[in-house]
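Novice: what would the 3D arrangement of this be:
(one chain, ligands or ions: 1)
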Amino acid sequence: MKKIAVLSGDGIGPEVMSQALRVLDALDLGFKVEHGLIGGAAYDKYKSHFPDETRELCLTSDAVLFGSVGGPIVDSQLPKWHRCEANSILALRKALKLNVNLRPATLFKSLISISPLKPELIEQGVDIMIIRELLGDIYFGEHKQFIENGLRVATDVARYDEDQIKIAIHQGFKTAMARNNKLVSVDKANVLDTSKLWRTIANEIAPEYPEVTLEHMLVDNCAMQIILNPAQFDTIVTANLFGDIISDAASALPGSLGLMPSASFSAEGFGLYEPSGGSAPDIANKDIANPTAQILSLALMLRYSFKLEKQAQQIEKAIIKTLEQGMRTRDIHQHNDTLVSTQKFTTAIINNL
Ligand code: NAD
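Specialist: Purely as a prediction, here's the structure:
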């Protein structure tokens, strides 16, 4: 029996996670589900945001379904919340050796009116998968502040070795192959040596995937194109820093963070699945959060970790149908739509499965 580690975390985490588990139950797939504490919830019991028990649970599971962690920004200096996100998420990435992050930015047709872009820019639909390298680049190089010639100076070192780049590029090609065979590799190869190496390696690997068309795009142009013509993109692969920024820009397109799932993988294919947004303390415990991102994260888990493509699509289609029926949680609600709670929205999804 396959085991799923469920880490609900803080804020809206537990309430949207319980909805995803209702959907999993309804599919009756026979998984073993085991819960672990993380974030502020773990701190209350263990005085640690990522206790050994949780690490052990993740390492002995077949996949991790993660909610979100963190407290209200105003309380971020309290011991319970101080560095909570970094202590939980960076530690998880390190423990599970999660090298790449996949973030889809999909615009649901029935939600075109809540996208911040004009209808004429998105009428062809938007369905982009962004793959971001997670363990290299400027975040992990040396960070320094010092005085030089009487001036305050700061440096951050960006570093990549070829193995780190290869893992991300292979993931990019494989993901593109499972979609529309169109891969855009995003870099800043006109200036940065890390990007020149990135581009060289992408070109070296390309012949292994003859079905896929590889295009290179500079990151500044990509930022502009994602807003001006998002329909041109299918799969994007990029380095850690550029991926952080580009995927947040793309995440604005669907209209709410509550719609955005994500997945992270190790080189061996172990997967962690989570909403792109945070713990949303402003709306926690009110039964108003949108559970879609968590439920779509479950669908990604079924697709990538357990090869249950049919059930993944079943969930995605049930969400589309629920939206077409006019059901809306508060974050995506407009005029004549039916405003429903987190739980009622999930009940409608389950009825549509
Ligand atoms: P946030 O993503 O939690 O919230 C931003 C806005 O989006 C809020 O208005 C929130 O209500 C809304 N939102 C997010 N998810 C929603 C959903 N499912 N349904 C409806 N609305 C939703 O970001 P923030 O407010 O900057 O951070 C809050 C806390 O979350 C902080 O402690 C931060 O450190 C943490 N955080 C955690 C993660 C994570 O666990 N992966 C990611 C980002 C932020």
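Novice: in which helix or strand does Leu214 reside?
Specialist: The secondary structure element spanning Leu214 is strand 213-218 (assigned by DSSP states H and E).
Novice: typed the wrong thing, it's Met17
Specialist: Element membership for Met17, per DSSP H and E: helix 13-27.
Novice: how about that helix: buried residues?
Specialist: With burial defined by 16 or more other Cβ atoms under 10 Å, the residues of helix 13-27 counted as buried are 13-24, 26-27. For glycine as for every other residue, the C-beta is placed from the backbone atoms N, C-alpha and C.
Novice: which residues touch Lys321?
Specialist: Residues near Lys321 by Cβ atoms under 8 Å, 6 or more residues apart in numbering: Asn352.
Novice: so what's the backbone phi/psi at it?
Specialist: Here the main-chain torsion angles of Lys321 (degrees, to the nearest 10) amount to phi -60, psi -40.
Novice: so it versus Arg22, what's the distance?
Specialist: Using Cβ to Cβ, to the nearest Å, we find Lys321 at a distance of 17 Å from Arg22.
Novice: lowest mean pLDDT among the helices and strands of the chain, which one is it?
Specialist: Scoring the helices and strands of the chain by mean pLDDT, DSSP states H and E places helix 119-122 at the bottom, with a mean of 87.
Novice: pull up the residues of the stretch 1-150 of the chain that are close to the ligand.
Specialist: Ile12, Val16, Ser68, Val69, Gly70, Gly71, Ile73, Glu85, Ile89 (Cβ under 6 Å from any ligand atom).
Novice: derive a ChimeraX selection command for the buried subset of those residues.
Specialist: The buried subset of these, as determined by 16+ other Cβ under 10 Å, is captured in ChimeraX by this line:
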select :12,16,68,69,70,71,85,89
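Novice: tell me which of the residues of the stretch 1-150 of the chain next to the ligand fall in strands.
Specialist: With strands defined by DSSP state E, the entries of those inside them are Ser68.
Novice: check the residues of the stretch 1-150 of the chain next to the ligand and tell me the two furthest apart.
Specialist: Across these, the two members that end up farthest from each other (Cβ to Cβ) are Val16 and Ile73, 19.7 Å apart.
Novice: low-scoring stretches of this protein, by residue?
Specialist: In the predicted model, the chain carries no residue with pLDDT under 70.
Novice: give the contact list for the residue most central in space within it.
Specialist: Computing the C-alpha centroid of the chain and ranking residues by Cα atoms, centre = their mean puts Ser262 first, at 2.5 Å. Ser262 is in contact with Asn101, Leu102, Arg103, Pro104, Tyr273, Glu274, Pro275, Ser276, Ser297, Leu300, counting by Cβ under 8 Å, 6+ apart.
Novice: and the next helix or strand past whatever helix or strand Ile165 lives in?
Specialist: Here Ile165 is covered by helix 162-177, with elements defined by DSSP H and E. Beyond helix 162-177 in the direction of the C-terminus, DSSP H and E gives the next helix or strand as strand 182-187.
Novice: elements contacting the helix holding Met17?
Specialist: strand 3-9, strand 63-68, helix 292-304, helix 309-324, helix 342-352 (3 or more Cβ pairs under 8 Å, 6 or more residues apart in numbering; DSSP states H and E).
Novice: that one to strand 63-68, inter-axis angle?
Specialist: Orientation check (axes from the mean of the first three to the mean of the last three Cα atoms, to 10 degrees): helix 13-27 against strand 63-68 gives 140 degrees.
Novice: for the helix or strand following helix 13-27, name the packing helices and strands.
Specialist: Counting by DSSP H and E, the element after helix 13-27 in chain order, helix or strand, is strand 32-35. In terms of contacts (3+ Cβ pairs under 8 Å, 6+ apart), strand 32-35 is packed against strand 3-9.
Novice: strand partners (parallel or antiparallel) of the strand it packs on?
Specialist: The partner list of strand 3-9 in its sheet, established with DSSP bridges, is strand 32-35 (parallel), strand 63-68 (parallel).
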